[in-house]
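Chemist: Take this sequence and fold it.
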Amino acid sequence: TALMNAIKTILKNCVQGKIDVERLPLFDIEYLFLKLRSKSIGEISEIGLKCTDTECGGINQISINMDEIEVTRSEGHTRKIMISDEVGVMMSYPVIKTVGITEEDGMAIVKDCIEMIFTEEETHERDSFTTKELDEFIDSMDTKQFAKIKEFFDTMPKLEHTINYKCEKCGEEKETTLQGLDSFFG
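Modeler: Numbering: from 1, shown residues only. Got it, this is the predicted structure:
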């Protein structure tokens, strides 16, 4: 997307050293950008949050301290996934090039994130098998096995912040969790 291309350009121009922005996990890119934004424009961002009560619908102006936003990690999350007792995969996290891939083509993200397939006796790095062989490997998984891959994506680290506020319209105490970079600007 245009936003991610702009963020990528900003990070490439601001991050010194041997860091390859193209290879950073998306959550690291979001975190770095948020920290750069915090230091250049200011730590406080004003956003409008709609009340979670559908009957109320009030819009609340909330101040967020960008320095309090962190990448959260789900307990038990691991990059090593045992597909069966004998076969496992080592996953990598999605990178910036995966932004904009539609959900229908989400399998492309899964394929891109399989870094290694292993057994007790053998290890196969991604560059040692063809795309066709990878497709066959993924197609051979049953629903339960593929659910383990899905769980990796569902529980991977993410930029997240929980906000407690009182709705200005209905007066009720509310709690909402913002996730992903888009949530923190508005």
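Chemist: just checking, what packs against the longest helix along the chain?
Modeler: Longest helix in the chain by number of residues (criterion: DSSP state H): helix 26-40. For helix 26-40, the contact count by 3 or more CB pairs under 8 Å, 6 or more residues apart in numbering; DSSP states H and E identifies helix 2-14, strand 70-72, strand 158-166 as packing neighbours. All C-beta atoms are positioned from the backbone trio N, CA, C, and that covers glycine.
Chemist: closest to residue 128 out of those?
Modeler: Distances from residue 128 to each of the helices and strands packed on helix 26-40 were compared using CB to CB; the shortest belongs to helix 2-14, at 29.3 Å.
Chemist: Could you list the buried residues of that closest one?
Modeler: Applying a neighbour-count criterion of 16 or more other CB atoms under 10 Å, the buried positions in helix 2-14 are 4, 7-8, 10-11.
Chemist: want to throw those into JSON lines with pLDDT and distance to residue 65?
Modeler: Compiled in JSON lines, the buried residues of helix 2-14 are given as follows (pLDDT from 0 to 100; distance: CB to CB, whole Å):
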{"residue": "4", "pLDDT": "82", "distance to residue 65": "24"}
{"residue": "7", "pLDDT": "89", "distance to residue 65": "21"}
{"residue": "8", "pLDDT": "90", "distance to residue 65": "25"}
{"residue": "10", "pLDDT": "92", "distance to residue 65": "21"}
{"residue": "11", "pLDDT": "93", "distance to residue 65": "22"}
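Chemist: Tabulate the residues you listed (JSON lines), appending distance to residue 184.
Modeler: Supplementary listing: the buried residues of helix 2-14 in JSON lines, determined by distance: CB to CB, whole Å:
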{"residue": "4", "distance to residue 184": "15"}
{"residue": "7", "distance to residue 184": "13"}
{"residue": "8", "distance to residue 184": "18"}
{"residue": "10", "distance to residue 184": "16"}
{"residue": "11", "distance to residue 184": "16"}
